[in-house]
Structure formats: C-alpha cells, structure tokens
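In: Quick one: sequence plus predicted model below, questions after.
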Amino acid sequence: MSPPVPALVAVPTACDPLRDPALYINRELSQLDFNFRVLAQALDAQVPLLERLRFLCISCTNLDEFFEIRAAAVRHAQEFGLPPAPDGLSPQAILNAIHDRAAELVEQQYRCWNKVLRPALLEAGIGVLAHNSWTARQKRWLRAYFRNEIMPVLSPLGLDPSHPFPKILNKSLNIVVVLKGTDAFGRAGHLALVRAPRSLPRIIQLPESLGGTQNFVLLSSVLSAFVDELFPGMEVQGAYQFRVTRNSELVVDEEEVENLALALRDELVDRGYRPAVRLEIAHDCPRPIVQTLLQNFGLPENAAYRIDGAVNLNRVSQVYDLVQRPDLKYPAMTPRILKTAEGIFEHVSRNDVLLHHPFDSFNTVLELIREAAIDPNVLAIKQTLYRTGKDSAIVEALVLAARNGKDVTVVVELRARFDEEANLGFADRLQEAGVQVVYGVVGYKTHAKMLLIVRREGRKLHRYTHLGTGNYHAGTARAYTDLGLITADPDIGNDVHLLFQQLSGLAPKMKLKRLLQSPFTLHAGVLQRIERETRLAADGKPGRIIAKMNALNEPQVVRALYAASQAGVQIDLVVRGTCTLRPGVPGVSDNIRVRSIVGRFLEHSRIYWFGNNGAPELFCASADWLERNLLRRVETCFPILDPDLARRVYREALQNYLEDNLNAWALQPDGHYRKCEPAPGEPPHSAQMALLEGM
C-alpha cells in the first residue's frame with residue numbers, strides 16, 4: 001500500500017464548493033506515488049527476477065525525470081512567488097512534501113536492492129558484486145582493469161584557490177575524495193573530485209575464469225576501491241560518490257528566435273549545467289562535505305538524499321540485457337500480424353483496421369508506410385513525428401518515398417522532452433532527402449499522432465489515415481499499450497488533411513466533422529459530453545462515463561466529473577499515473593472510482609467512452625486530461641465508427657481493465673492507493689495477461 005498524501009494547507013474556499021482545495025490531490029505528489037506502485041512490482045515474488053530488477057530501475061529513472069522536470073518546475077514557482085495549485089499547497093509546502101516522499105521512496109528502492117534483489121540475483125547465479133565481496137583474484141583483475149582501462153581517462157581535480165569547484169554535469173557519476181598530505185609541489189591536500197567520463201562503461205562484466213560468466217561490478221565501486229592510485233604519496237581518508245540532478249526543461253522563447261532548430265541546439269549544449277534540484281550522496285559522507293556540495297550547487301538542506309549504495313543504481317538495468325536467462329524474464333510474445341490476401345490499401349478501403357499494441361504488431365504501420373513509399377499510385381504522404389527512436393524504419397521509409405518522387409511532409413516536434421537531439425538529427429536526414437519538414441506551431445507542442453496517405457485510384461484521389469494514441473516508435477510499441485486506427489473514412493481523411501494544413505501553413509481555425517482537436521475543440525468536447533451525461537442522470541436516465549488515460553489534472557474536467565457524480569453519473573477512470581481527483585468523497589465523488597494498472601507493459605492508451613443514453617460514443621486520443629494536453633498542445637481525438645471495432649475497444653481496453661484484480665490499484669479518498677485482490681470465490685484476472693492470451 002502506498003503512503004497517503006500529506007494534509008493540505010488550509011486556504012480560503014472559493015464560492016464554488018467544487019473548487020475546495022480539499023477535493024484535489026497534489027499533482028507532484030500523485031506523480032511520485034506512481035513510482036511506489038512501480039517499485040511494488042520489483043518486490044512481487046510472482047514477477048520473474050530480472051523483470052523485478054527492470055521495474056526497480058524504471059522507478060529510479062522515473063524519479064530522475066521527476067526531479068529534472070516536476071520538482072524543477074515547483075522550485076521555479078517558488079522562486080517567482082507563484083500562487084498555490086488547486087490543491088492549496090504552496091510551492092514551498094510542495095517542495096517539503098516532495099522531499100519527505102522522495103526520501104521514503106529512495107529508502108525503499110535501496111532496501112529492495114540491498115536486501116531483496118541483489119541477494120536473489122546472487123542465488124540465481126548472477127552477481128553484482130560489492131567491494132567487500134571481491135575475491136583476491138577478482139580484486140587483482142579489477143585493479144589491473146582500473147590501471148589499464150579507467151585511470152588513463154581520469155582527470156582528478158584538487159580543490160584549492162587555483163582550482164575552484166568545477167561545473168558538474170547533470171546526473172554524472174562523481175567521487176569527492178578527502179586527502180591528507182602534500183603533493184609534488186608541496187600543496188596540502190584536502191579535497192579532490194574525480195569525475196567518471198561518459199565514455200567509460202558503467203557496469204563491468206568479469207571474465208568467466210574469475211568465478212562465472214555472470215558476475216558484474218559497477219564502475220562506481222571500482223573507482224571508490226582504487227581511487228588512492230590517483231593520489232600517490234597522499235593518504236585517502238575517505239571517498240564518497242555523489243550525483244547532482246539538474247533542471248532539464250529546455251526554455252526557448254519561440255517568439256524571439258528566428259530559427260527554432262538552431263536555438264534548440266544551443267540550449268542542448270547548456271542543458272547539462274542548468275540549476276541543480278537534487279544532490280545524491282553516499283550515506284556515510286561527513287556532514288561538512290555535504291554542506292560544501294549543497295553550497296556549491298545552491299541547494300537547500302532538504303535537497304540532499306543519503307544513498308546506501310551506488311548513486312547511479314539505474315545503471316544496473318544493463319544486467320537485464322547482458323544476462324541471457326529466459327527463465328528469469330517474461331516469456332517471449334509474438335504479436336498478431338495483419339494477414340491480407342491483397343495489399344493493405346485494398347484491405348483498408350473495405351474495412352477499418354484496429355491495432356492494439358503490443359498485442360498487434362507495429363509492423364502493420366511500418367508496412368503501410370513502406371507500401372506507400374513504393375506504390376506508384378501514392379502521390380503524397382504527411383506524418384507527425386514526436387518520438388520515433390534511433391535508426392527509425394519509419395524515417396527510412398519516408399526518405400525512400402521522397403526519393404521515389406512522392407510529396408512527403410513531416411511535422412517534427414523538436415521539443416519532445418529528452419528526444420530533442422534525436423529529432424534534430426532525423427529532421428536533418430529527412431530534409432537532405434527532399435522531405436518538407438515543418439517544426440509545428442509556435443507555443444504549442446505537436447503531440448498528435450497522425451499519418452495521411454493520398455492515393456490515386458482511377459480518376460479519384462482517396463485518403464488513407466492512421467491515427468494513434470502512441471508514438472511512431474517501434475520500441476515503445478513493444479513495451480507500451482496503445483491503440484491505432486487505419487481507415488479510409490473520407491470524413492476522417494478530410495479532417496486530418498485540414499489539420500495538416502493548419503500545421504504546415506497559416507490556415508485559420510477549421511471546423512472538423514469527426515475529430516476533436518486541441519487546443520480548439522477537444523477540451524470543450526470532453527466537457528460537453530460529461531455535461532450531457534450529467535443532464536441524462538438528472539433526468540433519471542442512466543449516465544455513464546469510462547475513460548482510460550495516463551494522467552488527469554485539468555481543473556475544469558475534474559469539476560465537471562464531480563458535478564456528474566453528484567447528479568448520479570457512474571464514472572470509472574483508469575488513470576495510470578497522476579490523478580488530482582479524489583474519488584469516493586461523500587456528497588461529491590461517491591460515484592467515481594479510479595484505478596491504476598501497473599504490469600508488464602506500460603499503460604499508454606487514451607480512451608473516452610460516454611454512454612449517451614444507449615447510443616455510446618467511443619473515442620481514442622493522443623491526449624490525457626491534463627492542462628497541457630487539452631489547452632497547450634496540438635492533439636487529436638478520433639472516434640471508432642465501426643461498431644464491431646468500438647465493441648472490441650470497449651471489451652479489451654475498458655471492461656477488461658475494470659475487471660483486473662491482480663495488477664490494479666484503487667485510489668482511496670485520502671489519496672493513497674490500495675492494491676486490488678480477488679474477492680472470495682472470484683477468479684484472478686490480469687487485463688494484460690488476458691490480452692496476451694488472446695482473450
């Protein structure tokens with residue numbers, strides 16, 4: 001069970017009782033809470049051992065990103081004196097609560113590693129060896145490795161008036177060394193820094209001759225063990241690992257720059273040295289040294305986290321890939337492949353195709369683009385790319401299409417967080433091939449997932465469209481649950497055509513027939529449909545809403561859901577991560593239930609279902625019910641018009657998840673999550689396992 005959120009700071013309640021801060025969970029603390037649920041997977045003995053290791057590392061990388069983005073944003077709000085969030089917590093109160101919750105999470109992560117997973121791995125024949133467990137032969141080999149492979153690329157820095165405290169790169173591994181004695185120039189030693197170059201492997205596999213093929217040592221352990229060799233003639237009195245996390249949100253004033261790509265390249269150079277937000281330091285580091293580090297990074301006392309182990313624990317994730325032990329991993333899965341006797345265009349011209357990834361292969365989307373690239377009847381291809389992965393087959397297909405004379409337009413979102421550099425790279429590659437590359441709309445990230453293919457068939461032009469809830473990224477399509485629709489519906493095709501006109505030109509706001517879009521109609525469309533269910537319930541008719549998403553925090557949507565609940569609408573929400581709505585509050589949200597599913601795959605699909613008095617509407621979308629998605633991004637929300645496919649989405653991605661009693665966590669009114677379990681006599685049910693088994 002995850003810990004409850006802290007008590008709210010009392011602030012005056014607005015005239016609207018549904019704005020009462022007590023009705024809202026803090027966004028940042030809710031996001032932190034998700035990582036407790038991820039960590040629970042690492043502690044679950046029913047999960048294969050190496051998968052448990054992977055979940056532990058995911059919780060660590062998630063926490064890194066949380067500090068780089070969310071905690072950094074709160075610190076920014078504090079510095080600029082911004083008002084409290086809807087939950088009533090001031091920025092300072094949020095920072096204090098973040099420290100308490102994050103410290104608890106870190107303590108649980110390292111206890112999981114030190115007391116549970118590391119011993120279990122060793123018992124399974126996989127050793128991630130600590131310094132005090134090395135044999136004499138292993139230590140000799142590692143010392144030689146240090147001298148030959150590591151020491152030549154290290155540049156230790158003594159701290160003195162001529163060598164002030166250096167810039168420390170974001171999330172880099174460092175060791176602060178306490179010295180005694182004098183060097184060759186007669187300088188008295190005190191403190192020195194050793195920075196691990198990024199070129200060095202963070203985990204070292206020991207030779208089989210030293211006790212097995214599956215023994216590993218972390219670079220941080222090797223540096224700490226042999227750091228004395230960097231300071232001959234001096235006494236090393238202590239060596240302590242540390243790592244600093246910095247604000248990684250890129251800030252570019254798009255109104256002031258003439259070339260967004262050039263401005264982003266400049267920002268990427270400086271990203272690693274932006275203001276610090278967190279210090280991780282060895283648990284036994286003396287307090288004066290911790291104070292020195294905090295002072296140099298401009299951090300308060302509660303930004304320091306004492307670490308009982310490697311400060312870069314997420315590096316242990318490499319063991320998952322290095323160890324070939326199928327018995328310790330999830331069974332391999334074979335996604336379903338779309339089988340057609342004819343070409344994909346002929347098939348889609350008669351039937352819409354629904355893809356539920358990763359259970360349906362992403363290769364269908366790749367084949368659609370590849371076929372379009374070589375089909376002489378295809379005239380144009382238009383696509384949005386937010387994240388696509390290294391060596392993307394989609395980018396190569398688009399390059400091929402351009403070289404084959406197709407008119408290819410790609411809207412590249414350069415500001416996709418942590419993928420900016422990769423996106424700049426493949427944007428250059430596309431432009432070199434003759435693709436028209438568009439960088440989206442000033443002030444609005446293009447987060448929509450859409451592909452449009454224009455094909456001549458006889459005397460007419462036909463549009464084929466792919467719309468999805470996830471990115472055009474083959475890697476995430478194997479690890480995330482997402483939905484995609486391939487259709488030849490002319491209304492949807494025309495809507496997508498108009499959206500591309502908006503993105504690539506200076507077109508005015510347009511009326512769409514089938515799609516809802518942010519930032520123009522999606523927010524209002526969601527509110528209107530919630531209010532319609534509210535009116536139905538008020539009139540004594542059944543009101544019903546089911547929605548699945550990654551996160552929910554938009555205040556107007558939350559208030560509309562509260563009002564719907566008060567009217568009697570039955571509401572089920574499957575929200576993977578952040579949720580600021582409090583379900584089950586008497587008189588307000590009695591009829592709202594919120595659950596989070598955490599399992600083998602990352603839940604990523606966004607689905608909105610409205611009962612509509614027996615004529616249900618079902619939409620899939622690229623947008624969560626977050627302020628940024630509904631109001632400050634370019635997003636698409638598309639209906640599933642084929643009744644059979646709509647029923648399939650409802651059955652597989654909504655009803656199936658509401659029946660999960662193994663991987664589901666129910667959000668309680670006080671803000672904590674309770675793990676769901678089968679009731680007496682109730683059969684166990686895992687939504688993801690049911691989908692793997694083909695339901």
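Out: Okay, I see it.

In: name the helices or strands packed onto whichever strand or helix holds Val649?
Out: Secondary structure assigned from DSSP states H and E places Val649 in helix 643-649. Under the contact criterion of 3 or more C-beta pairs under 8 Å, 6 or more residues apart in numbering; DSSP states H and E, the helices and strands touching helix 643-649 comprise strand 353-357, strand 617-621. (Glycine included, C-beta is placed from N, CA and C.)

In: Show residues contacting the helix or strand following it.
Out: Note on helix 643-649: by DSSP H and E, the next helix or strand toward the C-terminus is helix 656-658. Here helix 656-658 makes contact (C-beta atoms under 8 Å, 6 or more residues apart in numbering) with 546, 548, 572, 574, 595, 597, 664, 687, 690-691, 695.

In: quick one on the thing from earlier: of all the residues in the helix holding Val649, which ones are buried?
Out: Using 16 or more other C-beta atoms under 10 Å as the test for burial, helix 643-649 gives 645-646, 648-649.

In: if we can go back for a sec, redo the contacts of helix 656-658 as JSON lines? Include secondary structure, distance to Asp482 and pLDDT.
Out: Rendered in JSON lines, the data for the contacts of helix 656-658 read as follows (DSSP: H, G, I helix; E, B strand; the rest coil; distance: C-beta to C-beta, whole Å; pLDDT from 0 to 100):
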{"residue": "Ile546", "secondary structure": "strand", "distance to Asp482": "18", "pLDDT": "98"}
{"residue": "Lys548", "secondary structure": "strand", "distance to Asp482": "11", "pLDDT": "98"}
{"residue": "Asp572", "secondary structure": "strand", "distance to Asp482": "20", "pLDDT": "98"}
{"residue": "Val574", "secondary structure": "strand", "distance to Asp482": "14", "pLDDT": "98"}
{"residue": "Arg595", "secondary structure": "strand", "distance to Asp482": "19", "pLDDT": "98"}
{"residue": "Ile597", "secondary structure": "strand", "distance to Asp482": "14", "pLDDT": "98"}
{"residue": "Ala664", "secondary structure": "strand", "distance to Asp482": "19", "pLDDT": "98"}
{"residue": "Ala687", "secondary structure": "helix", "distance to Asp482": "14", "pLDDT": "98"}
{"residue": "Ala690", "secondary structure": "helix", "distance to Asp482": "17", "pLDDT": "97"}
{"residue": "Leu691", "secondary structure": "helix", "distance to Asp482": "12", "pLDDT": "97"}
{"residue": "Met695", "secondary structure": "coil", "distance to Asp482": "17", "pLDDT": "67"}
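
In: I'd like to know which of those are buried.
Out: In terms of neighbour count (16+ other C-beta under 10 Å), the buried residues within the contacts of helix 656-658 are 546, 548, 572, 574, 595, 597, 664, 687, 691.

In: I'd say the fourth one and Val598 touch.
Out: No. The pair Val574 and Val598 does not pass the contact test of C-beta atoms under 8 Å, sitting 11.4 Å apart.

In: per the record, what domains does the protein have?
Out: Residue ranges of the domains in the chain are recorded as 17-108, 125-328, 344-511, 517-692, according to automatic domain parsing.

In: Turn those into JSON lines, including distance to Pro335.
Out: Formatted as JSON lines, the entries for these read as follows, by distance: least, C-beta to C-beta, whole Å:
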{"stretch": "domain 17-108", "distance to Pro335": "19"}
{"stretch": "domain 125-328", "distance to Pro335": "18"}
{"stretch": "domain 344-511", "distance to Pro335": "4"}
{"stretch": "domain 517-692", "distance to Pro335": "10"}
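
In: among those domains, which gets the worst mean confidence?
Out: Mean pLDDT values for the domains of the chain show the minimum at domain 125-328, a mean of 86.

In: Now render the helices and strands packed on helix 643-649 as TSV, adding mean neighbour count and distance to Ala77.
Out: Conversion of these to TSV gives the following (neighbours: other C-beta atoms under 10 Å; distance: least, C-beta to C-beta, whole Å):
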stretch	mean neighbour count	distance to Ala77
strand 353-357	22	36
strand 617-621	23	28
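
In: between the ones you listed, which one is nearest to Ile94?
Out: Proximity to Ile94, assessed across those by C-beta to C-beta, is greatest for strand 617-621 (28.8 Å).

In: That closest one - contacts with which helices or strands?
Out: Contacts of strand 617-621 with other secondary structure elements, assessed using 3+ C-beta pairs under 8 Å, 6+ apart, are made with strand 606-610, strand 633-639, helix 643-649.

In: what's the burial count for His497?
Out: Other residues within reach of His497 by the criterion other C-beta atoms under 10 Å amount to 16.

In: Need the contact partners of whichever strand or helix holds it.
Out: Using DSSP H and E, His497 sits in helix 490-504. Helix 490-504 is contacted from outside by 382, 384, 409, 411, 436, 438, 440-441, 446, 448, 450, 452, 462-465, 467, 487, 507, 509-510, 512-515, 517, 634, 636, 638, 641, using C-beta under 8 Å, 6+ apart.

In: does Lys167 count as helix, strand or coil?
Out: At Lys167 the chain is in coil, as set by DSSP: H, G, I helix; E, B strand; the rest coil.

In: Next, work out how far apart the nearest residue to it once chain neighbours are set aside and Phe297 are.
Out: What sits nearest to Lys167 in space, not counting adjacent residues and going by C-beta to C-beta, 6 or more residues apart in numbering, is Tyr273, at 5.2 Å. Using C-beta to C-beta, to the nearest Å, Tyr273 is found at 11 Å from Phe297.

In: just checking, His462 touches Thr487?
Out: No. Counting by C-beta under 8 Å, Thr487 is not a contact partner of His462; they are 11.3 Å apart.

In: between the two, who's got more neighbours?
Out: Between His462 and Thr487, counting by other C-beta under 10 Å, Thr487 is the more crowded of the two (26 against 17).

In: Am I right that the more buried one is in contact with Leu354?
Out: No. Taking contacts as C-beta under 8 Å, Thr487 lies outside contact range of Leu354: 9.3 Å.

In: Please give me every residue in contact with the residue nearest to Gln138 when sequence neighbours are not counted.
Out: Closest residue to Gln138 apart from its sequence neighbours, by C-beta to C-beta, 6+ apart: Leu210 at 5.1 Å. Applying C-beta under 8 Å, 6+ apart, one finds that Leu210 lies in contact with 135, 137-138, 141.
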